[in-house]
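Trainee: Sequence first, then the predicted structure, then my questions.
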Amino acid sequence: MSSLLLLTNALQPSTEVLPALGLLLHSVRVAPAEASALLDAPSADVILVDGRRDLPQVRSLCQVLRSTGTGSPLLLVVTEGGLTALTAEWGFDDVVLDTAGPAEVEARLRLAIGRRSRTGADDIPPEIRNGDLSIDEAAYSAKLRGRALDLTFKEFELLKYLAQHPGRVFSRAQLLQEVWGYDYFGGTRTVDVHVRRLRAKLGPEHESLIGTVRNVGYRFVAMENERAGGDSSGPRAGSREAADRPAASGAAGEKEGDGDPDGERGPLPLSHATAGI
């Protein structure tokens, strides 16, 4: 018998979310669908997340649960229609339909527990290093020359994604899809705002780590290349001339973008990672 934790806001979770659970001999505890529920909850062999509704919120919940370093596998419960929205970036280990029968649910639970016990510490993501910059995915932290960078959640995600693909050029639309996800309906202006914030926090000496490719988008410039002469595709990244011209063409757009483009309210330390969910 396994210990399961079901994260849901359903009024009748035992019969509404995954009815097959009631036919299996497992210990099931129910908690609200928010990461803070794990603070007081005992450890579980598997964490089940109710993903039948409000997919954007569920996506954020899965990502925060994964970033907190929980050792339990995440099993996402969705409807058949919700399958089309799922990507690996969500951070869950496996998915099961809410209509699945007892045999399938039991098999998925058994496999999830088995995979987690085999891999163990191998699941800890490696640290991304580039010169003086280090990015710790597990701790959701970044350091430059040993100094911790005070980044918001999306700033960290953007820096991490670019650093994972050094030299590769991404359009603003690509970055919106990969970092903000399919559920984000804002404009590409958000990318420009976050790039400027990141450059400011990297400081004058390292702001060119995020290079601008004019009329295309942005790329991460390897620190060795930066020291050798920086981004040769145009003006020095981070300079006033290299700033995105469409983004700066209207004062009204500047005010709107610099406000709070994705609902963030400042830095997101690990201990407060659930505040915006």
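Mentor: Sure, I can see it.
Trainee: can we go C-alpha only for contacts and neighbour counts from here?
Mentor: Noted.
Trainee: which phi and psi does the most centrally placed residue in the chain have?
Mentor: Nearest residue to the geometric centre of the chain (C-alpha atoms, centre = their mean): Q63, 5.0 Å. The phi/psi pair for Q63 (degrees, to the nearest 10) reads phi -70, psi -40.
Trainee: Tell me how many other residues crowd P19.
Mentor: By the criterion of other C-alpha atoms under 10 Å, P19 has 16 neighbours.
Trainee: picking that back up, close enough to count as contact, the residue nearest to the centre of the chain and W90?
Mentor: Yes - using C-alpha atoms under 8 Å, Q63 is in contact with W90, at 5.7 Å.
Trainee: Could you point out which residue ranges in the stretch 151-277 of the chain have low pLDDT?
Mentor: Applying pLDDT under 70 to the stretch 151-277 of the chain flags the ranges 182-185, 224-277.
Trainee: Next, please give the residue ranges for the strands of it.
Mentor: 169-171, 210-213, 217-220 (DSSP state E, counting those that start in this stretch).
Trainee: Mind listing the strands the second one pairs with, and their directions?
Mentor: So the one you mean is strand 210-213. Note on strand 210-213: by DSSP bridges, its sheet partners are strand 217-220 (antiparallel).
Trainee: ok, and what's touching the strand it pairs with?
Mentor: Strand 217-220 has contacts (C-alpha atoms under 8 Å, 6 or more residues apart in numbering) with 162-163, 165-172, 209-213.
Trainee: Just name the closest of those to V191, please.
Mentor: Proximity of the contacts of strand 217-220 to V191 (C-alpha to C-alpha) peaks at R172, which lies at 6.2 Å.
Trainee: How about the contacts made by the closest one?
Mentor: Contacts of R172 by C-alpha under 8 Å, 6+ apart are 188, 191-192, 216-218.
Trainee: Assign L6 to one of the three secondary structure states.
Mentor: strand (DSSP: H, G, I helix; E, B strand; the rest coil).
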